[in-house]
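Peer 1: Generate a structure from the sequence data that follows.
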Amino acid sequence: MIKTTITLLAITTSYLLLLATPTKNPTYYHSLFLSNSFSDNVSISNNLQTLTRRPHIAGSEANDEAAAYVVSVLTSCNILSHVTSYDVALTYPLSRSLVLTKSSSSSESESPSFSFNLTQQVYEGDPYADVADEVVPTFHAYAKSGTAVGSVVYANYGRAEDYLKLKEIGINVSNTVVLAKYGKIYRGDIVKNAYEEGAIGVVIYSDKKDYGGGGSKWFPDEKWLPPSGVQVGSVYGGTGDPTTPGWASSGECERISKDQVEKSGVVPLIPSLPVSGEDGEKIIRSIGGPVAVDDWQGSKDAPTYRVGPGPGILNLSYTGKEFIATIQNVIGVIEGAEEPDRYVILGNHRDAWTFGAVDPNSGTATLLEVAQRLGKLQKRGWKPRRTIILCNWDAEEYGLIGSTEWVEENREILTSRAVAYLNTDCAVAGPGFHASATPQLDELIKKAIQTVKDPSNSSQSIYDSLTSSGSSPQFGRLGGGGSDYKSFLQHLGIPATDISFGKGYPVYHSLYDDFIWMKKFGDPMFQRHVAAASVWGLIALWLADEEFLPFNYVSYAKELKLNMEELENEISNKDINLSPMYKSIMELEKAATKINNQIKEIEESKNWRTWKMEHLKVREVNDRLMMAERAFTDRDGLSGMEWHKHLIYGPSKHDRYGSQSFPGIGDAVQMAKKLRTVESWSQVQHEVWRVSRVIKQASLVLTGQLT
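Peer 2: Residues are numbered from 1 along each chain as shown. Next up, the predicted model:
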């Protein structure tokens, strides 16, 4: 009995001593993370220069070397790392040709046929000229192999509304080759829209007005795209390996055939090619017919843009090779000390169409900067409460393949354990901070940019610079398919963010996206990279270390109310009943307020006697906060885009890059306006009910009680 009493006293004393032992508050480490002694713009510059010394398209030896470099840096930071490989279907070009001729009705004095060389010119003094031949010839990944010969029609940006404009003036694009400008929508949708209008081929060019600055100087003298610059990229309309839709491309997996891929509608059924601004202008000069409207015209020194068809005739020929290539995701893990089964995930992709200084390796260099700072924190004794996972994806450019295969392979674990996914892609393209997120993370981003100094003006915070005009910072939403957040949010319903400095840059996806461009125009002092790492890492630390997950679903409810106002303005049929959605949003707001109050009550009632009980309460509340976003998904997915499960944020059917709130309703409304039938408007009402149900489910999850 005496021994038992002594043992119990010893245990109690040890426990009390443990509670009394002074430990550094997470806030101490978070401040240290931001300190000048922890950040290193020189290291970022060196990492970026190393990552971009060679072109490194997915599936290439150079990209494997870049993966090995990422592993070496993570390992040097004492972060356990491994490579997860997948065997996926990629495409490269075998042959390409584009010939412009005039119709037989043209005068004999006009020039004969002209064959475009389809090459990007190396500039004088280019330090990467010796490896420029490693750049894959300009092409569209997953483009249809074939030949198209037809009169040219100019279709502006190739959007659905552009074809409506052509129809209004009596232009039929059937059996023609469409010429369209890059910009506004995803290039794959440019090709898809043209096919649906009856075109037999598509040429997409970078107009000088959009990418050339409209002047007479360009890179390396100015930031603009040179006349021979070409934006390459994918025209794939799906997500992940097209031969393994919905499951991972690992080991001896099931694959569908090339014919099945084509029948699924995710790859184009007509050939396409990307061309330069100077090649696009030459084609423009060959087009007659009605003069295009003012906002379809080019820069001041450009020729008059006409819509055609013809008299110019394009002969487009493309042959691609599809093969199974091995891609490599690099995964680094810092295990959580208290909740190792809760994951805060940071991700950026590594593969690039050419050198990729902005897209994506400004993000990779920033990821490595975050890793190096976290490594320093570990040396000071810091351990995260929850597990932090650093991911460097492969084959993003082809169709978000690396991240999607990993998400599909780990779907059930991620669904039950992932707290949030924090993405960056083009981390730095110029000045100005931009962020997109699911709304419960808005306040967290705002708090981070209030803490981090503006890299363009160190006397104020990023937040101060964004609000200098008197307006609050506006954050975008993640309904589009532009980067690796897509699988996490739109397929699984994991809260997500995407951050960057700069928005769009002229040499995008071209030969000229190299270290020199970044050093001269994107971030000469690499302070924007430092700031990006600070914001990104700080958000991750708060999510990993704070006792209660810093999610605010009241913000989500307020955002949905704003979306409802926009939806009401969009719906012309007054018979559509939106009250189910309004009621669900009100329930969500009440549930969000209730859980916020519960958190306050737990924090105020804590003492060491009730520590264990309160610890379980904290865990239960955090589970509700974590799982609420999952409730916005529906197992049946969006109509015609079933892989996309999220009913609040998703892409438009006509623009994969575009982000829509209530995408299922939006697409149904557009179809109803087109068909004008009772059945089509009934489908709109059905989509309204679907959305109202998932919002109600989210409120039930937040409440944590069965009905």
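Peer 1: For the stretch 401-550 of the chain, just list every one of the helices.
Peer 2: Assigned by DSSP state H, counting those that start in this stretch, the helices in the stretch 401-550 of the chain fall at 401-409, 411-417, 442-451, 462-466, 485-486, 515-517, 527-545.
Peer 1: mind checking which of those helices is nearest residue 660?
Peer 2: Among the helices of the stretch 401-550 of the chain, the nearest to residue 660 by C-beta to C-beta is helix 485-486 (13.5 Å). Where you see a C-beta, it was placed from the backbone N, CA and C, and this is true even at glycine.
Peer 1: Single out the most deeply packed of the helices of the stretch 401-550 of the chain.
Peer 2: Most buried of the helices of the stretch 401-550 of the chain by mean neighbour count (mean count of other C-beta atoms under 10 Å) is helix 485-486; its value is a mean of 29.
Peer 1: Give me the distance between the residue nearest to residue 620 when sequence neighbours are not counted and residue 633.
Peer 2: In this structure, residue 620 finds its nearest non-sequential neighbour in residue 704, 7.0 Å apart by C-beta to C-beta, 6 or more residues apart in numbering. The span separating residue 704 from residue 633 equals 19 Å under the rule C-beta to C-beta, to the nearest Å.
Peer 1: quick one, which of these two is more surrounded?
Peer 2: residue 633 (23 against 16; other C-beta atoms under 10 Å).
Peer 1: Contact partners for the residue nearest the centre of the chain?
Peer 2: The chain has residue 483 as the residue nearest its centroid, 2.0 Å off, counting by C-alpha atoms, centre = their mean. For residue 483, the contacting residues are 349, 396, 400, 423, 425, 498, by C-beta atoms under 8 Å, 6 or more residues apart in numbering.
Peer 1: can these go into JSON lines with extra columns for pLDDT?
Peer 2: As requested, the contacts of residue 483 are exported to JSON lines (pLDDT from 0 to 100):
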{"residue": "349", "pLDDT": "98"}
{"residue": "396", "pLDDT": "98"}
{"residue": "400", "pLDDT": "98"}
{"residue": "423", "pLDDT": "98"}
{"residue": "425", "pLDDT": "97"}
{"residue": "498", "pLDDT": "98"}
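Peer 1: if we can go back for a sec, so which of the helices of the stretch 401-550 of the chain is nearest residue 682?
Peer 2: Nearest to residue 682 among those is helix 485-486; the distance by C-beta to C-beta comes to 30.1 Å.
Peer 1: so what secondary structure elements neighbour the closest one?
Peer 2: Helices and strands touching helix 485-486, by 3 or more C-beta pairs under 8 Å, 6 or more residues apart in numbering; DSSP states H and E, are strand 496-501.
Peer 1: Could you list the residues in contact with stretch 154-171?
Peer 2: 153, 173, 178-185, 189-191, 193-194, 197, 202, 204, 284, 287, 289-290, 292-293, 296, 305-309, 654-655.
Peer 1: Strands - which of the residues you listed land there?
Peer 2: Within these, residues falling in strands by DSSP state E are 153, 178, 179, 180, 181, 202, 204, 655.
Peer 1: So the first one versus residue 313, what's the distance?
Peer 2: What it means is residue 153. Relative to residue 313, and taking C-beta to C-beta, residue 153 is found at 11 Å.
Peer 1: Find residues that contact each of these two.
Peer 2: residue 177.
Peer 1: more neighbours, these two?
Peer 2: Legend: neighbour count by other C-beta under 10 Å for residue 153 and residue 313, higher for residue 153 (27 against 21).
Peer 1: Could you double-check that that one sits in contact with residue 176?
Peer 2: Yes. At 4.5 Å, residue 153 and residue 176 qualify as touching, with contact defined as C-beta atoms under 8 Å.
Peer 1: Now for these two: what residues contact both?
Peer 2: 199, 308, 309.
Peer 1: Strands along the stretch 201-350 of the chain, start to end?
Peer 2: Under the criterion DSSP state E, counting those that start in this stretch, strands of the stretch 201-350 of the chain are mapped to 201-205, 233-234, 272-275, 312-334, 339-349.
Peer 1: Distance to residue 164 added to those, as CSV?
Peer 2: Shown next, in CSV, are the strands of the stretch 201-350 of the chain (distance: least, C-beta to C-beta, whole Å):
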stretch, distance to residue 164
strand 201-205, 18
strand 233-234, 25
strand 272-275, 21
strand 312-334, 23
strand 339-349, 35
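Peer 1: Identify whichever of the ones you listed lies nearest to residue 225.
Peer 2: Of all the strands of the stretch 201-350 of the chain, strand 201-205 comes closest under C-beta to C-beta, at 10.9 Å.
Peer 1: other SSEs contacting the closest one?
Peer 2: Helices and strands touching strand 201-205, by 3+ C-beta pairs under 8 Å, 6+ apart, are strand 146-154, strand 177-181, helix 187-196, strand 272-275, helix 277-285, strand 312-334.
Peer 1: partners of that strand in the sheet?
Peer 2: Counting by DSSP bridges, the strands paired with strand 201-205 are strand 177-181 (parallel), strand 272-275 (parallel).
Peer 1: To residue 407, which of those strands lies closest?
Peer 2: strand 272-275 (28.6 Å).
Peer 1: Roughly how far does residue 137 sit from residue 94?
Peer 2: Taking C-beta to C-beta, one finds residue 137 at 9 Å from residue 94.
Peer 1: And those two? Which one has more around it.
Peer 2: Comparing residue 137 with residue 94 by other C-beta under 10 Å, the one with more neighbours is residue 137, at 15 against 12.
Peer 1: now the more buried one, what's its secondary structure?
Peer 2: Three-state call for residue 137 (DSSP: H, G, I helix; E, B strand; the rest coil): coil.
Peer 1: same check, this time on residue 24
Peer 2: Residue 24 - assigned by three-state DSSP - is coil.
Peer 1: just the helices and strands packed on strand 201-205: most buried one?
Peer 2: strand 177-181 (a mean of 29).
Peer 1: Let me know the angle separating that strand from helix 187-196.
Peer 2: For strand 177-181 against helix 187-196, the angle between stretch directions is 150 degrees (axes from the mean of the first three to the mean of the last three C-alpha atoms, to 10 degrees).
Peer 1: What lies in contact with strand 177-181?
Peer 2: The contact list for strand 177-181 (C-beta under 8 Å, 6+ apart) reads 148-158, 162, 190, 194, 197, 199-207, 210, 280, 283-284, 287, 313-314, 316.
Peer 1: again, but for stretch 310-321
Peer 2: For stretch 310-321, the external contacting residues (C-beta under 8 Å, 6+ apart) are 91-103, 105-106, 139-140, 142-152, 177, 179, 201, 203, 271-273, 283, 286-289.
Peer 1: let's see 6 Å
Peer 2: Stretch 310-321 has contacts (C-beta atoms under 6 Å, 6 or more residues apart in numbering) with 91-103, 106, 143, 145, 147-149, 151-152, 177, 201, 271, 273, 286-288.
Peer 1: Of these, select the buried ones using a ChimeraX command.
Peer 2: In ChimeraX, a selection of the buried entries from the contacts of stretch 310-321 looks like this (16 or more other C-beta atoms under 10 Å):
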select :91,92,93,96,98,100,101,102,106,143,148,151,152,177,201,271,273,286,287,288
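Peer 1: what's the helix or strand for residue 96?
Peer 2: strand 80-102 (DSSP states H and E).
Peer 1: What is that strand packed up against?
Peer 2: Applying 3 or more C-beta pairs under 6 Å, 6 or more residues apart in numbering; DSSP states H and E, we find strand 80-102 packed against helix 61-76, strand 312-334.
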